[in-house]
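okay, predicted coordinates and the sequence, questions at the end:
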Amino acid sequence: MRTTRAIAIGSLVLLAIAWGAIPLFVRVDVPPSHLVAMRVTLGAVVLVLFSVATKRFTIPRYRWKGVALLGAILAAHWLSFFMALNLTTVAVTLAILYIGPVLAAVLSGPVLHERVSRHAFVGLAVAVVGTLFVIRPGSGATVTGVAVAATSGVLLAAIMLLGKPLAADLGGVVVATWELVVASVLLAPFTVQAVRESGEYWPQFIVLGAVFTGLAGVVYWTSMRRLPVAVVSVIMYLEPASAVVWAALFLGEQPDPLTWLGVVLVVAAGTIATRGVPDEEAVGVAETL
């Protein structure tokens, strides 16, 4: 049990840090709709091949509506996220986005009937304070950028709350595969346009799709099955924290001292929350992948 918990937490930590680098591939001269369409399409291709090879492809008929809704929300979430990255700074976008996991953690009790430890709530409170340091006035925030990022954050909360029971029932591979298949169908017109108009950006498309979406989706949903939503929420705060660092190193967006303080608080929040998870709660509905 302890080993399962440690692997799930460690996998999410590495994934969150890697996802923080996504803005590096978004800041190119390609419409957000094209990037998202290629991301879900290439991700779906990778996971369909893997799922067929491992015979983890079918889902019960009664789960179709939930999976279809999850795929549609995923498409809308990524569209708004990529748009926000082009409307304001990386730090502001990611900090606003991750109000979503706070909302998911608050609602995980009434919606999913999960017991959340006090450590998780303390961690969430620290994460919120850190986020406020990042998005304070004068930090590069724009009204439109904040509004679009907030929309993406609400959609992220919906994905977590809807996807958790689906992953518990169907498995992380199946959920990750079918949500991308649904999203790729919905965004197919943009995929066609991207292939015609943005062919020189295939390296970015492949990294976003095959690596950061296909393979990463399996890791995310497999870990989600083994941890309470509140804990997943706080661990994933490492994404906006690491994004600030990535942007400073490669995009020239240099944070001021208060922004760095916010980043430190976000990282500390993840440590606080995960320390307070009882083993039986951490494992939850764990089954073999």
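Everything's here; your move.

so what touches stretch 143-158?
73, 76-78, 80-81, 83-84, 87-89, 92-93, 96-101, 103-104, 107, 135 (Cβ atoms under 8 Å, 6 or more residues apart in numbering). Every C-beta, even on glycine, is put in place using the N, C-alpha and C of the backbone.

what mean pLDDT does that stretch get?
Mean pLDDT, computed over stretch 143-158, is 92.

with stretch 267-276 instead?
69.

same deal with stretch 98-108?
pLDDT averaged over stretch 98-108 gives 78.

got the CA coordinates for it in PDB?
Output of stretch 98-108 as PDB, limited to C-alpha atoms (Å, rounded to 0.1, in the frame of the first residue of the first chain):
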ATOM      1  CA  TYR A  98      -5.000  26.100 -10.700                       C
ATOM      2  CA  ILE A  99      -7.800  27.600  -8.800                       C
ATOM      3  CA  GLY A 100      -9.600  24.700 -10.500                       C
ATOM      4  CA  PRO A 101      -8.100  22.000  -8.300                       C
ATOM      5  CA  VAL A 102      -9.000  24.000  -5.200                       C
ATOM      6  CA  LEU A 103     -12.600  24.000  -6.400                       C
ATOM      7  CA  ALA A 104     -12.400  20.300  -7.100                       C
ATOM      8  CA  ALA A 105     -11.000  19.600  -3.700                       C
ATOM      9  CA  VAL A 106     -13.800  21.600  -2.000                       C
ATOM     10  CA  LEU A 107     -16.400  19.700  -4.000                       C
ATOM     11  CA  SER A 108     -14.800  16.200  -3.700                       C
END
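
list the buried residues for that stretch?
If you call a residue buried by 16 or more other Cβ atoms under 10 Å, then stretch 98-108 has these buried ones: 98-108.

go on, stretch 105-120?
Buried-residue list, stretch 105-120, by 16+ other Cβ under 10 Å: 105-108, 112, 114, 116-117, 119-120.

pLDDT below threshold where in the stretch 51-200 of the chain?
Residues of the stretch 51-200 of the chain meeting the criterion pLDDT under 70: 137-139.

dump the buried residues of stretch 105-120 to TSV, plus distance to residue 27 and secondary structure.
Listed next are the buried residues of stretch 105-120 as TSV, based on distance: Cβ to Cβ, whole Å; DSSP: H, G, I helix; E, B strand; the rest coil:
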residue	distance to residue 27	secondary structure
105	30	helix
106	32	helix
107	33	helix
108	33	helix
112	36	helix
114	37	coil
116	36	coil
117	38	coil
119	36	helix
120	33	helix
